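Trainee: 3D, please:
(one chain, ligands or ions: 1)
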Amino acid sequence: MAYKIAIIVGSLREDSLNRKVARSICAIRGDNLDCSMIEIGDLPLYNQDYDALPQQPEQYVRFRDQVRAADGVLFVSPEYNRGIPGVLKNAIDVGSRPYGKSVWDMKPAAIVTASPGSIGGFGANHQIRQSCVFLNMPVMQQPEAYLGHVTDDSFDDSGKLKDGPLKDLVTKLAHAFHDWVDMIHRSRAALSEDSAHSSAAANAKEHA
Ligand SMILES: Cc1cc2nc3c(=O)[nH]c(=O)nc-3n(C[C@H](O)[C@H](O)[C@H](O)COP(=O)(O)O)c2cc1C
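Mentor: Purely as a prediction, here's the structure:
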């Protein structure tokens, strides 16, 4: 079954390496992951005063609806100054509020960071992970994806990753992410079926 995946890219740059990595992941799992890139560049900076407004900013409404409709979330981001790019942190904050209405809650997630540098955005990757943990998102643990030494040369003319170790890792990740989302959704369905059976049995016993 194809799961709906919201892809959130932490770079607004037109020729973003991370956006190309995200597109490559979608191409690899075309049949099983129904990917949509969610726009974050137009989100006004989060201000808690907005939470009390009767009408939320329209970009917030659009963004929250898109994430809410997804079965899973894939973050693909550069690292800025060893941390999360501000535009991505803003999107995470926007999705997390108003209090009690977070659109991230229980969404399975995976995190990929890519950089021309050698440590592949490790710092940003773990900062994103930290927010996901707080936001109650089950985050895939393996394979970890700190993609280092990524340059324009890593991609072919169509903008997809060329064959090689980088593509191999991303392919492994795309398969693992599908299985992760599938496991979480199937386990939840089985648990809710179990609990429906238990309540029906308890009800029957009470009325016997
Ligand atoms: C403000 C800024 C800070 C950066 N800090 C880091 C960093 O901490 N670690 C790193 O590996 N690369 C850093 N870079 C380089 C980015 O990895 C590089 O520009 C990359 O291409 C950005 O991702 P994108 O191509 O998806 O836009 C930084 C770039 C900018 C513009």
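Trainee: max-length helix in the protein?
Mentor: Ranked by residue count, the top helix of the chain under DSSP state H comes out as helix 165-206.
Trainee: next one: it to chain centre, how far?
Mentor: Between the centre of helix 165-206 and the centre of its chain there are 17 Å (CA atoms, centre = their mean, to the nearest Å).
Trainee: So which elements touch that helix?
Mentor: Secondary structure elements in contact with helix 165-206, counted by 3 or more CB pairs under 8 Å, 6 or more residues apart in numbering; DSSP states H and E, are strand 3-9, helix 17-28, strand 33-37, strand 72-77, strand 109-114, strand 146-147. No exception for glycine: its C-beta is placed from N, CA and C like everyone else's.
Trainee: again, only using 6 Å
Mentor: helix 17-28 (3 or more CB pairs under 6 Å, 6 or more residues apart in numbering; DSSP states H and E).
Trainee: what's the angle between the helix it packs on and strand 3-9?
Mentor: Calculated by axes from the mean of the first three to the mean of the last three CA atoms, to 10 degrees, helix 17-28 forms an angle of 170 degrees with strand 3-9.
Trainee: buried set for helix 17-28?
Mentor: Residues of helix 17-28 classed as buried under the neighbour-count rule (16 or more other CB atoms under 10 Å) are 17, 18, 19, 20, 21, 22, 23, 24, 25, 26, 28.
Trainee: hang on, isn't the first one packed against residue 114?
Mentor: Yes. The pair formed by residue 17 and residue 114 meets the contact definition of CB atoms under 6 Å, at 5.4 Å.
Trainee: Which neighbours do the two have in common?
Mentor: residue 150 (CB atoms under 6 Å, 6 or more residues apart in numbering).
Trainee: confidence score at residue 158?
Mentor: We have a pLDDT of 93 for residue 158.
Trainee: close to the ligand, is stretch 140-158?
Mentor: No. Residues of stretch 140-158 contacting the ligand under CB under 6 Å from any ligand atom: none, with a closest distance of 7.8 Å.
Trainee: and if you look at stretch 70-89?
Mentor: Yes. Using CB under 6 Å from any ligand atom, we find that stretch 70-89 touches the ligand at 78, 79, 80, 81, 82.
Trainee: Many thanks, I have nothing further to ask.
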